[in-house]
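Engineer: task: produce atomic coordinates for the following.
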Amino acid sequence: MSREGVQDGPATARRPGGRTARTRARILGATLHVVARDGIAGLRYEEIAELAGVHRTGVYRTWPDRDALVNAALLQYSGTAKWDDTGDPRHDLVDCLVALAELLSTTTGRAMQRVIQSAQAVRTGSPHGRTLRSRCPSTRIFERRPARLQPVVDAATARGELPPVDGYFLAALLTGPVHLYVSRGLRPFTRAEAERITDVVLAGLRHTAG
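Structural biologist: Numbering: from 1, shown residues only. Coordinates of the predicted model:
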C-alpha cells in the first residue's frame, strides 16, 4: 500500500522539528488512517510501520500500549474548534454544524467515531470499556463538542432571542442529522443544509415554547 495520503489531518499538525518529528508524524498519521478504516480492533503494528516507512520496533518502543498510540494520534490531529458568539444565534449554530461536518469528513473524525463506537459497543460496566475510554481521553474532545454550544445558547436566551433550553439537548437535535448526512455520504453536506436543519429545529423550539 502506498504511504501517500495517510496523513490528511490539518496542515498545522505537520510541524517541523527534524527527522524524529517527521517520523512521529508519519506514524501517527498512519495510525489514524488504519483506525479510521478498521477501528482499534483492526490496528496492527506491522501495518502502521509499513505505512509510516519505519521498523515495527520503532513504533512499539515509543507506544507499547495500543490505546496510547491511538490517543496520541487523535490528539496530534484533533485541533481545536472555536465557535464565537457573534450575537446572531442562527449564524453561530450554522457555523457549528458546518464545522462538525468538516471534522466528521476527515480521517481524524472517522477515527474518533471508530474509537467512540468501540467504547460504546462494550457491555456497560465492562472493565475493558472503562479502560478504553480512560486511555483515549482525546475522544472526549469530540464527545463534548455539543456541550460547548451552551454558552452561545445561554447568551441568546439572555437576550430573548431563544426560549430557555438546555444547550446539550439543542445540540443533540442539531448535530444528529449532520452525523447521518456525513456517515451515509449520499450527498455533500453544505452550508445550505446546515441552515435548513437549524431553521427547522429553532422553529420547533420556538413553537413548543410558545
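Engineer: contacts and neighbour counts: CA atoms only from here.
Structural biologist: Noted.
Engineer: just the helices from the protein, written as ranges.
Structural biologist: For the chain, applying DSSP state H gives helices covering 18-38, 45-52, 56-62, 66-78, 89-104, 107-121, 127-135, 139-143, 150-158, 167-184, 191-209.
Engineer: domains in the chain, as residue ranges please.
Structural biologist: Listed by automatic domain parsing, the domain ranges of the chain are 11-78, 89-209.
Engineer: give me the neighbour count for Arg196.
Structural biologist: A count of nearby residues for Arg196, using other Cα atoms under 10 Å, gives 12.
Engineer: now it: how far from Cys96?
Structural biologist: Distance, Arg196 to Cys96, using Cα to Cα, to the nearest Å: 13 Å.
Engineer: and Ile27, by the same measure?
Structural biologist: Taking Cα to Cα, one finds Ile27 at 30 Å from Cys96.
Engineer: do the same with Gly160
Structural biologist: Distance, Gly160 to Cys96, using Cα to Cα: 21 Å.
Engineer: can you check Glu47 too?
Structural biologist: Counting by Cα to Cα, the gap from Glu47 to Cys96 is 35 Å.
Engineer: distance check, Glu50 against Tyr60.
Structural biologist: To Tyr60, Glu50 is 13 Å away according to Cα to Cα.
Engineer: again with Arg110
Structural biologist: Distance, Arg110 to Tyr60, using Cα to Cα: 24 Å.
Engineer: let me see the contact set for the residue lying closest to Ala209 once chain neighbours are set aside.
Structural biologist: If the residues on either side of it in the chain are set aside, Ala209 comes closest to Pro163, at 6.4 Å by Cα to Cα, 6 or more residues apart in numbering. Applying Cα atoms under 8 Å, 6 or more residues apart in numbering to Pro163 gives the contacts 157, 205-206, 209.
Engineer: rerun at 10 Å
Structural biologist: By Cα atoms under 10 Å, 6 or more residues apart in numbering, the residues touching Pro163 are 153-154, 156-157, 202, 205-210.
Engineer: so where is this protein shaky, pLDDT-wise?
Structural biologist: Scanning the chain for pLDDT under 70 picks out 1-17, 77-84, 119-148, 210.
Engineer: deepest in the core, which of the domains of the chain is it.
Structural biologist: Among these, ranked by average contacts under mean count of other Cα atoms under 10 Å, first place goes to domain 11-78 (a mean of 18).
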